[in-house]
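Colleague: Just the structure for this:
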Amino acid sequence: MIRSLRLVLLGVLVCVSTLSAWAVDSLPDFTALVARQGAAVVNISAISSASQKGQAFPGLDESDPMFDFFRRIIPRHRAVPKEDPDNESLGSGFIISSDGYILTNAHVVEDADEILVRLADKREYRAQVVGADSRSDVALIRIEAKELPRIILGDPSKLKVGEWVLAIGSPFGFEQTVTAGIVSAKDRSLPDENFVPFIQTDVAINPGNSGGPLFNLRGEVVGINSQIYSRTGGFMGLSFAIPIDVAMDVQQQLRTTGRIQRGRIGVAIQEVTVDLAASFGLPRAAGALVSAVEPNSPAARAGIERGDVIMRFDNRNVERSSDLPRIVASNRPGTNARMMVYRGGAAQEMNVTLGEWRDPKPSRPRMTSALAGTGNSLGLLLIQAPLTRGRDQGDAAGLIVDRLEGPAARSSLQVGDAVLAVILAGKQTKLTTVDSFEQLVRELKEGQQLSLLVQRGEVSSYISLRAGK
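Modeller: All right, here's what the predicted structure looks like:
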């Protein structure tokens, strides 16, 4: 009896061990993919100088004369903390060409005065925005570098629901973070996002992942991680990625023309429900029901009428009403397209010449200069110390930090700090006038390192800076 029990237990253990080994063997191994493609994923910091200056004195607007009075009398008061999310936006991106072109989300770089790109090997570059399209949330930026690792493009149309996918990005600033999940759905429509058939996944995406790549198991990029659905602001299992073919079409237009052209036909549409399909005599609930036709629009000239159901457009089926704007917009203005329309219980073919969709917030090229406000390669604007401060601190008054951008904004300097001296090539120069500081900075070469002797309250320290472009 005991022997029989032992044999049964042994058999159970063997089965459990076999099942465990099978489960481990059946799970994907992402290590090779990460090692091969991770180097092409970058961290992006977008800095806005307007928010950098911030509101130093709550209750006083910067246009108020008293604001400037208090700022100069109490110059040690810190403006906006460096950790303030309005001051520095963190995101991700990926290199699509070895000469420095990078894709990311438009919302990552929107309104940025400076964009800093950090590669996986810790090299840092300033980037310029080639163009950004708010409607698709795609931006193309570029850094001055060559022979960079780049990603491999995949085909989102071949993705299957339930397929494993992987994301690499910088959630909350933690660079080169890898998360994995499956494709939850395809061709998702989101509110106010008419032109993107989103890929829905359950890959863990958090703030800082925006703009990063979504890979399939072959190591090909199939999407750009863009949005999450959340009641808390954190990940809740619903993530959405822009299909890479949509993003690449946008970036190609941005690169060649600097703007996005989308087709339009000028109709208002609604979803075809089961009840509507029955009343209109449709064989099934599909297509886009035309509820209104804009006068003198391409649709009106083509003969489209209210009550028509558009079933096919440009040789592509219109299963849901949300499919039609995407299909139409993917064609260029002036294109002649073929439609299949259901009217009066019968299908008929029609031709339409597309017009151009006008965006109230159009795509725009942005060649930003991070140092436009300060005029020097350190991004550091100094002013003369107020007289009261000079009397309090004697000869140690120095010059006062009034504005930070570029390299200075990324340092530990704060508005209101007193800069007492500059240390360059082993020589220390005391700072007494703004002109002498500006002259010194003008003579700096790009990439040249210097240190500043800084006093903050009763504490003095040295802070290093590297001259930018």
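
Colleague: pretty sure P325 contacts F195?
Modeller: Yes - between P325 and F195 there is a contact at 6.4 Å, judged by Cβ atoms under 8 Å. In this view, the C-beta of every residue, glycine as well, is placed from N, C-alpha and C.

Colleague: Tell me which other helices or strands the top strand by length along the chain touches.
Modeller: As assigned by DSSP state E, the longest strand anywhere in the chain is strand 177-190. Helices and strands touching strand 177-190, by 3 or more Cβ pairs under 8 Å, 6 or more residues apart in numbering; DSSP states H and E, are strand 164-169, strand 193-201, strand 239-243.

Colleague: Point out where the stretch 151-300 of the chain drops to low pLDDT.
Modeller: 192 (pLDDT under 70).

Colleague: Which parts of it are helices?
Modeller: Secondary structure of the stretch 151-300 of the chain by DSSP state H, counting those that start in this stretch: the helices cover 244-256, 274-279, 298-302.

Colleague: Outline the domain layout of the protein.
Modeller: 28-48+87-259, 264-354, 380-466 (automatic domain parsing).

Colleague: From the centroid of this structure, which residue is nearest?
Modeller: In the chain, the residue lying closest to the centroid (Cα atoms, centre = their mean) is N105, at 2.6 Å.

Colleague: ok, for it, nearest residue in space, not its chain neighbours?
Modeller: G211 (4.1 Å; Cβ to Cβ, 6 or more residues apart in numbering).

Colleague: list the contacts for the one you found?
Modeller: Neighbouring residues of G211 by Cβ atoms under 8 Å, 6 or more residues apart in numbering: 44, 91-94, 103-105, 108, 139, 169, 224-226.

Colleague: ok so, going back, possible to save the helices of the stretch 151-300 of the chain as JSON lines with distance to A39 and mean neighbour count?
Modeller: Shown next, in JSON lines, are those (distance: least, Cβ to Cβ, whole Å; neighbours: other Cβ atoms under 10 Å):
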{"stretch": "helix 244-256", "distance to A39": "18", "mean neighbour count": "19"}
{"stretch": "helix 274-279", "distance to A39": "51", "mean neighbour count": "12"}
{"stretch": "helix 298-302", "distance to A39": "46", "mean neighbour count": "19"}
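
Colleague: Make a markdown table out of the ones you listed and add distance to I265.
Modeller: A markdown table is the format used below for those (distance: least, Cβ to Cβ, whole Å):
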| stretch | distance to I265 |
| --- | --- |
| helix 244-256 | 19 |
| helix 274-279 | 21 |
| helix 298-302 | 4 |
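
Colleague: Figure out which of these is closest to V419.
Modeller: Closest approach to V419 among these is made by helix 244-256 (40.5 Å; Cβ to Cβ).

Colleague: Dump the closest one to PDB, restricted to CA.
Modeller: Output of helix 244-256 as PDB, limited to C-alpha atoms (Å, rounded to 0.1, in the frame of the first residue of the first chain):
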ATOM      1  CA  ILE A 244       4.600  51.900 -37.600                       C
ATOM      2  CA  ASP A 245       3.300  52.100 -41.200                       C
ATOM      3  CA  VAL A 246       1.200  55.100 -40.200                       C
ATOM      4  CA  ALA A 247       4.100  56.700 -38.400                       C
ATOM      5  CA  MET A 248       6.500  56.100 -41.300                       C
ATOM      6  CA  ASP A 249       4.100  57.700 -43.700                       C
ATOM      7  CA  VAL A 250       3.900  60.800 -41.500                       C
ATOM      8  CA  GLN A 251       7.600  61.000 -41.000                       C
ATOM      9  CA  GLN A 252       8.300  60.800 -44.700                       C
ATOM     10  CA  GLN A 253       5.900  63.700 -45.400                       C
ATOM     11  CA  LEU A 254       7.500  65.700 -42.600                       C
ATOM     12  CA  ARG A 255      11.000  65.000 -44.000                       C
ATOM     13  CA  THR A 256      10.200  65.900 -47.600                       C
END
